[in-house]
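In: Pasting a predicted model and its sequence here:
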Amino acid sequence: MPNSPPESPTLQPVEAPPPWEDFPDNTYEHNQGSFEPLQFPTTMSQNDYLRQWLPRQESYLHHLLDQEAPPEDRRCVICDQDGVYKCQDCLGELLYCTGCCKSQHHCNPFHWISQWNGQFFKQSCLAHVGLIIHLSHDGKQCLVLTDRWDLFKGDKPEDRLEPEDLPSVSGPEFQPKENTMVIVDKSRVHHLKIQCCDCPNAMSPDIQLFQHGFFPASFNKPKTVHIQSAR
């Protein structure tokens, strides 16, 4: 006689749990011991944050104004000599002497500096401390000293920038150093000296500039460049 398929098991009804309201209030305490409910932080409104700010505003204003004056000893943070230049882009707005300001910014030529004039910090630029951007040779000066790639040699007076032609971001009293190149960054316009490599096998100035991250505005004797990251 052929085997008959097994009979399906009979499902037994499961007793439904009692309603939640029938559980005693201390069920968790009986099973787990003592219990403390979680404390969730309350949401603060904008007015609550403003109430926290009000008693602090005088202190913040005091420290903000303190930053507009040099330290009492006015010492360079590197060599302890007379500090005259403050860098707004260095963390802590450090104070430097002329030599240290130049040496500390070889790898950060687009930092913004100001000079102490005895009464306040006046806007300046790194060209005023003698900083020069040297193309090629790992940032060092080319040993071939020629005027082959002097971008400003032979300029006529009408080719030079007049004060009213300078970008407004430089400020009305700021005068860039002579023979500096206009370098347009994302948020600022810099005036710095750029020295091309004069080696016999060196590329033309526009290619040298492009290889170092600058896009020239002209190609024969470029005097204005855009930083490629600012595109």
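Out: That came in fine, so what should we check first?

In: what are the pairing partners of the lengthiest strand in the chain, and which direction each?
Out: For the chain, the strand that runs over the most residues, judged by DSSP state E, is strand 189-195. Sheet pairing for strand 189-195, assigned by DSSP bridges, gives strand 132-134 (parallel), strand 181-184 (antiparallel).

In: As JSON lines, the ones you listed with mean pLDDT and distance to Ser103 would be great.
Out: Glycine gets a C-beta too; all of them are placed from N, C-alpha and C. Converted to JSON lines, the strands paired with strand 189-195 look like this (pLDDT from 0 to 100; distance: least, CB to CB, whole Å):
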{"stretch": "strand 132-134", "mean pLDDT": "90", "distance to Ser103": "12"}
{"stretch": "strand 181-184", "mean pLDDT": "90", "distance to Ser103": "20"}
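
In: Indicate which one of those strands is closest to Leu54.
Out: Proximity to Leu54 (CB to CB) singles out strand 181-184 among the strands paired with strand 189-195, at 41.7 Å.

In: Return the set of buried residues in the closest one.
Out: Of all the residues in strand 181-184, those buried under the rule 16 or more other CB atoms under 10 Å are Met181, Val182, Ile183, Val184.

In: Name the nearest of those relative to Asp198.
Out: For the buried residues of strand 181-184, the nearest to Asp198 is Met181 (16.5 Å; CB to CB).

In: number of nearby residues for the nearest residue to that closest one once chain neighbours are set aside?
Out: The spatial neighbour of Met181 that comes closest, neighbours along the chain excluded (CB to CB, 6 or more residues apart in numbering), is Ile194 at 4.9 Å. Using other CB atoms under 10 Å, Ile194 has 22 neighbouring residues.

In: need the longest helix for this structure.
Out: Across the chain, the longest stretch assigned as helix under DSSP state H is helix 57-66.
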